[in-house]
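A.B. asks: quick one: sequence and predicted model below, then my questions.
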10 protein chains.
Amino acid sequence: MKRTELTEKILDAKRDGELSWKSIAETIGGYSQLYIMTALLGQMRLPPPQARKAAELFGLSAAEEKMLGEVPYRAEQSLVPPTDPTLYRFHEAMMVFGPTMKEYIHEEFGDGIMSAIDFDLSMEREPNEAGDRVRIVMSGKFLPYRYHQPEEGAPALGYKEK
Amino acid sequence: MKRTELTEKILDAKRDGELSWKSIAETIGGYSQLYIMTALLGQMRLPPPQARKAAELFGLSAAEEKMLGEVPYRAEQSLVPPTDPTLYRFHEAMMVFGPTMKEYIHEEFGDGIMSAIDFDLSMEREPNEAGDRVRIVMSGKFLPYRYHQPEEGAPALGYKEK
Amino acid sequence: MKRTELTEKILDAKRDGELSWKSIAETIGGYSQLYIMTALLGQMRLPPPQARKAAELFGLSAAEEKMLGEVPYRAEQSLVPPTDPTLYRFHEAMMVFGPTMKEYIHEEFGDGIMSAIDFDLSMEREPNEAGDRVRIVMSGKFLPYRYHQPEEGAPALGYKEK
Amino acid sequence: MKRTELTEKILDAKRDGELSWKSIAETIGGYSQLYIMTALLGQMRLPPPQARKAAELFGLSAAEEKMLGEVPYRAEQSLVPPTDPTLYRFHEAMMVFGPTMKEYIHEEFGDGIMSAIDFDLSMEREPNEAGDRVRIVMSGKFLPYRYHQPEEGAPALGYKEK
Amino acid sequence: MKRTELTEKILDAKRDGELSWKSIAETIGGYSQLYIMTALLGQMRLPPPQARKAAELFGLSAAEEKMLGEVPYRAEQSLVPPTDPTLYRFHEAMMVFGPTMKEYIHEEFGDGIMSAIDFDLSMEREPNEAGDRVRIVMSGKFLPYRYHQPEEGAPALGYKEK
Amino acid sequence: MKRTELTEKILDAKRDGELSWKSIAETIGGYSQLYIMTALLGQMRLPPPQARKAAELFGLSAAEEKMLGEVPYRAEQSLVPPTDPTLYRFHEAMMVFGPTMKEYIHEEFGDGIMSAIDFDLSMEREPNEAGDRVRIVMSGKFLPYRYHQPEEGAPALGYKEK
Amino acid sequence: MKRTELTEKILDAKRDGELSWKSIAETIGGYSQLYIMTALLGQMRLPPPQARKAAELFGLSAAEEKMLGEVPYRAEQSLVPPTDPTLYRFHEAMMVFGPTMKEYIHEEFGDGIMSAIDFDLSMEREPNEAGDRVRIVMSGKFLPYRYHQPEEGAPALGYKEK
Amino acid sequence: MKRTELTEKILDAKRDGELSWKSIAETIGGYSQLYIMTALLGQMRLPPPQARKAAELFGLSAAEEKMLGEVPYRAEQSLVPPTDPTLYRFHEAMMVFGPTMKEYIHEEFGDGIMSAIDFDLSMEREPNEAGDRVRIVMSGKFLPYRYHQPEEGAPALGYKEK
Amino acid sequence: MKRTELTEKILDAKRDGELSWKSIAETIGGYSQLYIMTALLGQMRLPPPQARKAAELFGLSAAEEKMLGEVPYRAEQSLVPPTDPTLYRFHEAMMVFGPTMKEYIHEEFGDGIMSAIDFDLSMEREPNEAGDRVRIVMSGKFLPYRYHQPEEGAPALGYKEK
Amino acid sequence: MKRTELTEKILDAKRDGELSWKSIAETIGGYSQLYIMTALLGQMRLPPPQARKAAELFGLSAAEEKMLGEVPYRAEQSLVPPTDPTLYRFHEAMMVFGPTMKEYIHEEFGDGIMSAIDFDLSMEREPNEAGDRVRIVMSGKFLPYRYHQPEEGAPALGYKEK
């Protein structure tokens, strides 16, 4: 059994049940809607109580329920760059503003990265007279490059205290 | 003259002058720091008064000053996927959460995209006891697919009023 | 169930019924022929009344009918560049005239893009003594780059009033 | 000497002279503005009288003037897919609507292509209350597949008389 | 049903029937052997009378017979560059002699292309003492670039009368 | 010194001298025009007497003259697939008719290839009322697969006597 | 039926029968072991008597037996570069020593190639105290470039008599 | 000035001075030899005191010294996969053992990654009778996926206490 | 039967049996846990006694048991670069530190590689107050380039005795 | 200074001096002709006495002489697959016969590879009435997979004693 087949089955059940992601997340509970969506789309694992509820909701077998709790091979179906226009706009923004974000991080924090693992994502509808907007907030821990500790007395690398 | 050569010259002047992006943005003024950085990195154009100040600050020729005001060919130097770890984390987050963001947008707004053109980006340092975080806010106008207006009486496509 | 399988089923039914796209569009109604074709080929969604008629015409199941109303992952089957000669000519024209179109847009409108979302497409046969021609009209809203509003008094970016 | 170097020199002269494409086309004359732009951008050749005027306008050498009249290696600098947002939107529209355009051509004309060689392009600003639009008209001769003439009495391939 | 599956079925029937392409072409008739081969291999469409005979010969269903008459998505299975040595040699010859053929066409005809649509192909065995040779003749109509008609009095582009 | 730089120099001299390929080939002599063109474009070597004449004609140095006589690294500048429309049509024809040509060769000759090394190419203008045509004749020796000679009495592989 | 499926079936039968390639080659006979292996792996055709014996050995159907005798589309499953370490080492050796082999061939023979068609391959175990070695011998006919015969009196190209 | 040019200059000075990496690291001091090598090869930044010493050692300009202290765009010159045999073996080991390492991490630690940022690398020569070995130790902090904190009472994701 | 299908079956059985890799390795025995994992994931072969135990544990058929003992085509499913974040970090570390490791090996050992074949891998959890770490040790035999033995008296290449 | 520039300089000197590889190898001495060619083409290092002679022969600077003795980044200029016909034939043979060679090695030796490092290459002209042949002999040490030594009593992996 492949995770992509499980994802397809879940989407079939969602379609048949005329379920919204919002109602699915409320039924499963315990985590944010975005987290639950990401897990059901095959990019995160679902803890046992949530997997249990998902199995009931979508009519999954015991093996499928267990698979929902496994760490997936992430993003294996991704087209790079994405062809879908909705996905492409994220890719484009990252290409156009990527160097700016890199320079900003290094000036503000020092040498390192914004973690994509210790990372939170939230989305909301931002009302606006000129047309509502999609608001996406990403918050990732700054991780300084700590490769090879310096000898005594030498400066610590990466992190720059404000 | 190529825009990449101009960018390299600006970075050379920034290094020689020991300038920070923050101080550069304050000197040039009129727009946010991130906008000015993006323009100086060759991904946006700089309006004439700002191009003027940039020319003074970096010692640019008249032709270089004018080029700063031109619309660039964007992202032509981008490696896809990026090899730099700081850039790659943005790419990875878009791959892992992309399908979630797409599904969220369609359930919340209908068929369409978050614009990467009518789009704002802000970044800030988010203090946190467990280690400070990078906070990135993206806000893009939702653009509904409006392709081919329906006949009278048929539903409008794309946009879903809340 | 995958959208590509649904598209294949629709094309099978079209073949079996000896249907033309023109007659299909008339039967389904409510939108232009090109819109309906695009939806049935898996690149747009079909509103419920139209999905209903499509289901009757092609003998689709309830789940397939619902899927027709979903926003698809667009262009995932596209070969880039396309190998099919009919498709390749569009690609070639965009490569050869792309820089010209970009320069024209920036000189005429300012910094921004022609939207591919708020976008209309029409095609028609153009009679011509030397051989009839294919006439394609694309009309997309100009979207100015509005990234990061300027401070008060600074010029608005992107859009250039005529 | 490479054609890309000549294009760069022309753009440098255009910048120094603060010339618009419109004024350049008027000065050079004889062909549409879009044609002259395409030639100066290195994708078409310029006939001798026009190359003469271009040489005067941009201060080109005799060799450069001659090179303007040569058939170029077209699109060799194209990134596929393009990274620039303005160019990408054309690419995206061709991906999303490509199958539709192919099906339309075959139903309307028979087996064949829209020529990208016997091809006209025009662009204009389309005033619109909701925001002006970019209007692009492409007109290419339909070319029927004529590969291998049939034996006597067999139907002609490709072209479908209306 | 996919065209590649139909092609596979035809090749299975050819194998089972121990048929040669020559005998198949004679049975189907009306067009050259190479045309019929190309259609049965999924790269051209077969007119109704020929599709009828092919269906009888290979035991095809009514739907498969109709599909033979449809315009295919051409070359979608092509590996670029081809790995098969027989196919690769054509690719190699086009790479090595391509620039020569381009220069020849432009010097002899002017700016334009050899059509791959209004195009004939023939092959034959060329007896030779040092070992027989494969002789391939391609004849394509020269198509001059006619993009944007010149103003009155300006020279016509592309075509160069001998 | 790189062969591509030498080719560029030759094209510069051809432009300055307003030379045609036809006149160049007549001056250099000894081989067909297409052969000489291919060598000057960096894809074949030119024997010493011809290299001598080319050096005189184009004003080459002794080292450049010698380089003309060296076996080049062929096709290293080729874009695959080619972006230039004139080159692309050859590529397209090979993709669309490739499988047909492969099947034809195997049925007519047995297992093997048409050599691209023991290979002749000729081109000519084919007058035609509906528009002149480009006629290309390729003749390559059939090379049978001879890998590993059979044991005595077993059939020879590859070649099929007529 | 696809050739890859047939290859998979043969490997299944080899596994079930606990057969070695050596014993298979002895049973089939008539050609070297490497040739028979290559044919059974789908890269060469097997003459009728050998195909007959293979069909008996592996329990193949009549259609499968015939397919074994067909010329395959070679190397279509190849990953380039190969990921398998055993295959990669051949690829690596060709990359590292390729230029050397090319220069050697041209200095020793003139302009041309080592044929991969009129080509023999043998492998054997080479005992060695420091660890046995794999010995591979490739012998391919030198094919001189003969493109376009010279005019009378001009030197023949490619081949250099020793 | 580009970082790759600086790296090339440093390697030129290392060659001229007949310096070993070991002696360079001792001269510069403060960090491990591998860290200093990585920085001088353009993949890490060098703190000011070390950059100062490097500038003296290699004869760098003030601007070059400053550039050594900047965060680089990492790995932009990397070939993926690498062609160099020494580099390729690391790539191969990661491909062959990658899935094993992923499974091990998830079973031992839970959902997350081994950081490549909070990461130490050491190498040493491991004496061995059968031939000395290269010993590489990588130690990276396990980072649990913490995306979207759970509601109260739900289990924390990612990290699995032993 | 394909090895990837066998791997999938094993993972299904592992899930159904709620088995850990640790317990699987203990049951199968004879080799390290990492070796057994790698074999079950399709990248190594399992010797007969171990294959026997694996077959019992996972309920494999006789053919599947035999396949476990075959040398696989390694890494054929690998995405390069990997999209999965856990796998990507290994790839990234190899890109960033690759040149350093290459230089270190050449300075310490001479010209050659670290073998990925005569190679040991071990992993363990490294307790750490700031968060436990993943510790990976790779030990590969240094293999000196020995290509073409020198003439008598010339130095041996590659290996540098300490 | 880059190694590719040094290689170009050596080829320039070889051309100017009308030197053959054979005479170059005799002058430099100490190693086989193929080894010396490979080193001069930038794929191997040249020991000091040989580098000394090469510097004299080609007029190299002291720095260039030292660079000849450095371990190069191998194959970084390789096109994969190669476009040059002489190089391509090696690539093709490896693709077509690769699986055969892999199977042969595993049946004869067990699990492992033919080393491309402990590897010898020789080439010679093989006289043949039907046309002389290129004979290439590759001899590489078989390296058994030794990953993770088995527990006591378990069979050693990889190597299969004859």
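C.D. replies: Cool, got the structure.
A.B. asks: need the next SSE after the longest helix along chain A, C-terminal direction.
C.D. replies: If you go by DSSP state H, chain A has its longest helix at helix A:85-109. Using DSSP states H and E, the helix or strand that follows helix A:85-109 in sequence is strand A:112-126.
A.B. asks: do that following strand and chain B come into contact?
C.D. replies: Yes - using C-beta under 8 Å from any C-beta of the partner chain, strand A:112-126 reaches chain B at A:112-116, A:119, A:121, A:123, A:125-126. Placement of C-beta: from N, CA and C, glycine included.
A.B. asks: can I get that strand as PDB, trimmed to CA atoms?
C.D. replies: The C-alpha coordinates for strand A:112-126 follow below in PDB (Å, rounded to 0.1, in the frame of the first residue of the first chain):
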ATOM      1  CA  GLY A 112      21.800  30.400   9.800                       C
ATOM      2  CA  ILE A 113      18.400  29.500   8.600                       C
ATOM      3  CA  MET A 114      14.700  29.700   9.400                       C
ATOM      4  CA  SER A 115      13.800  26.200  10.400                       C
ATOM      5  CA  ALA A 116      11.200  24.500   8.200                       C
ATOM      6  CA  ILE A 117      10.800  21.800  11.000                       C
ATOM      7  CA  ASP A 118      10.300  23.900  14.100                       C
ATOM      8  CA  PHE A 119       7.900  25.900  12.000                       C
ATOM      9  CA  ASP A 120       4.400  27.100  12.300                       C
ATOM     10  CA  LEU A 121       2.100  28.000   9.500                       C
ATOM     11  CA  SER A 122      -1.300  29.800   9.700                       C
ATOM     12  CA  MET A 123      -3.600  31.200   7.100                       C
ATOM     13  CA  GLU A 124      -6.600  33.400   7.200                       C
ATOM     14  CA  ARG A 125      -8.900  35.500   5.100                       C
ATOM     15  CA  GLU A 126      -8.000  39.200   5.400                       C
END
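A.B. asks: now check it, is it near chain H?
C.D. replies: Yes - using C-beta under 8 Å from any C-beta, strand A:112-126 reaches chain H at A:112-113, A:115, A:117-121.
A.B. asks: go back to those residues and keep what's next to chain I.
C.D. replies: A:I117.
A.B. asks: from the residues of strand A:112-126 next to chain H, pick the one nearest E:Y31.
C.D. replies: Closest approach to E:Y31 among the residues of strand A:112-126 next to chain H (C-beta to C-beta): A:L121, at 59.3 Å.
A.B. asks: give me the number of residues near that closest one?
C.D. replies: Neighbours of A:L121 under the rule other C-beta atoms under 10 Å in any protein chain shown: 22.
A.B. asks: do I have it right that it meets B:V96?
C.D. replies: No - using C-beta atoms under 8 Å as the test, A:L121 is too far from B:V96 to be in contact (9.4 Å).
A.B. asks: ok, which pair from the residues of strand A:112-126 next to chain B is furthest apart?
C.D. replies: Largest pairwise distance in the residues of strand A:112-126 next to chain B, by C-beta to C-beta, is 32.8 Å, between A:G112 and A:R125.
A.B. asks: one step back: reformat the residues of strand A:112-126 next to chain B as JSON lines; add pLDDT.
C.D. replies: Formatted as JSON lines, these follow (pLDDT from 0 to 100):
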{"residue": "A:G112", "pLDDT": "97"}
{"residue": "A:I113", "pLDDT": "97"}
{"residue": "A:M114", "pLDDT": "98"}
{"residue": "A:S115", "pLDDT": "97"}
{"residue": "A:A116", "pLDDT": "97"}
{"residue": "A:F119", "pLDDT": "95"}
{"residue": "A:L121", "pLDDT": "94"}
{"residue": "A:M123", "pLDDT": "96"}
{"residue": "A:R125", "pLDDT": "97"}
{"residue": "A:E126", "pLDDT": "95"}
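A.B. asks: any low-confidence regions in chain A?
C.D. replies: A:147-162 (pLDDT under 70).
A.B. asks: grab the nearest non-local neighbour of A:F109.
C.D. replies: Leaving aside its sequence neighbours, A:F109 sits nearest to A:F142 (C-beta to C-beta, 6 or more residues apart in numbering or on different chains; 4.6 Å).
A.B. asks: quick check: which element contains the one you found?
C.D. replies: Per DSSP H and E, A:F142 falls inside strand A:133-144.
A.B. asks: quick one: that strand to chain centroid distance?
C.D. replies: Distance of strand A:133-144 from the chain centroid (C-alpha atoms, centre = their mean, to the nearest Å) equals 11 Å.
A.B. asks: pick out whichever of A:G112 and A:R125 has more residues nearby.
C.D. replies: Set A:G112 next to A:R125 and count neighbours by other C-beta under 10 Å: A:G112 wins out with 24 against 15.
A.B. asks: who does the more buried one form a beta bridge with?
C.D. replies: Under DSSP bridges, the beta-bridge partners of A:G112 are A:P144.
A.B. asks: from the residues of strand A:112-126 next to chain B, list just the buried residues.
C.D. replies: Buried by 16 or more other C-beta atoms under 10 Å in any protein chain shown: A:112-116, A:119, A:121, A:123, out of the residues of strand A:112-126 next to chain B.
A.B. asks: so which of those residues comes closest to chain G?
C.D. replies: Closest approach to chain G among those (C-beta to the nearest C-beta): A:A116, at 26.4 Å.
A.B. asks: let me see the contact set for the closest one.
C.D. replies: Counting by C-beta atoms under 8 Å, 6 or more residues apart in numbering or on different chains, A:A116 makes contact with A:140, B:89-90, B:92-93, B:96, I:85.
A.B. asks: what's the spacing between it and H:L143?
C.D. replies: Distance check for A:A116 against H:L143: by C-beta to C-beta, to the nearest Å, it reads 10 Å.
A.B. asks: other SSEs contacting the strand holding A:F142?
C.D. replies: helix A:85-109, strand A:112-126, helix B:85-109, strand B:112-126, strand B:133-144, strand H:112-126 (3 or more C-beta pairs under 8 Å, 6 or more residues apart in numbering or on different chains; DSSP states H and E).
A.B. asks: ok, 6 Å please
C.D. replies: Strand A:133-144 sits against strand A:112-126, strand B:133-144, with contacts defined as 3 or more C-beta pairs under 6 Å, 6 or more residues apart in numbering or on different chains; DSSP states H and E.
A.B. asks: for chain A, which residue gets nearest to chain I?
C.D. replies: Closest to chain I within chain A is A:A75: 3.8 Å, counting by C-beta to the nearest C-beta.
A.B. asks: for that residue, phi and psi?
C.D. replies: phi 60, psi 20 (degrees, to the nearest 10).
A.B. asks: from what I see, A:M114 and A:M138 are in contact.
C.D. replies: No - A:M114 lies out of contact with A:M138 (C-beta atoms under 6 Å); the separation is 7.8 Å.
A.B. asks: please enumerate the shared neighbours of those two.
C.D. replies: Counting by C-beta atoms under 6 Å, 6 or more residues apart in numbering or on different chains, A:M114 and A:M138 have no shared contacts at all.
A.B. asks: do the helix or strand harbouring A:L11 and chain C meet?
C.D. replies: A:L11 belongs to helix A:3-16 when elements are defined using DSSP H and E. Yes - applying C-beta under 6 Å from any C-beta of the partner chain, one finds helix A:3-16 touching chain C at A:12, A:15-16.
A.B. asks: which residues touch the residue of chain A closest to chain I?
C.D. replies: For A:A75, the contacting residues are B:95-96, I:83, by C-beta under 6 Å, 6+ apart.
A.B. asks: wait, what's in contact with whatever residue of chain A ends up closest to chain J?
C.D. replies: Closest to chain J within chain A is A:V80: 19.6 Å, counting by C-beta to the nearest C-beta. Residues near A:V80 by C-beta under 6 Å, 6+ apart: B:P81.
A.B. asks: that older thread, so the residue nearest to A:F109 sits right up against B:A130, yeah?
C.D. replies: No - using C-beta under 6 Å, A:F142 is not in contact with B:A130, being 10.9 Å away.
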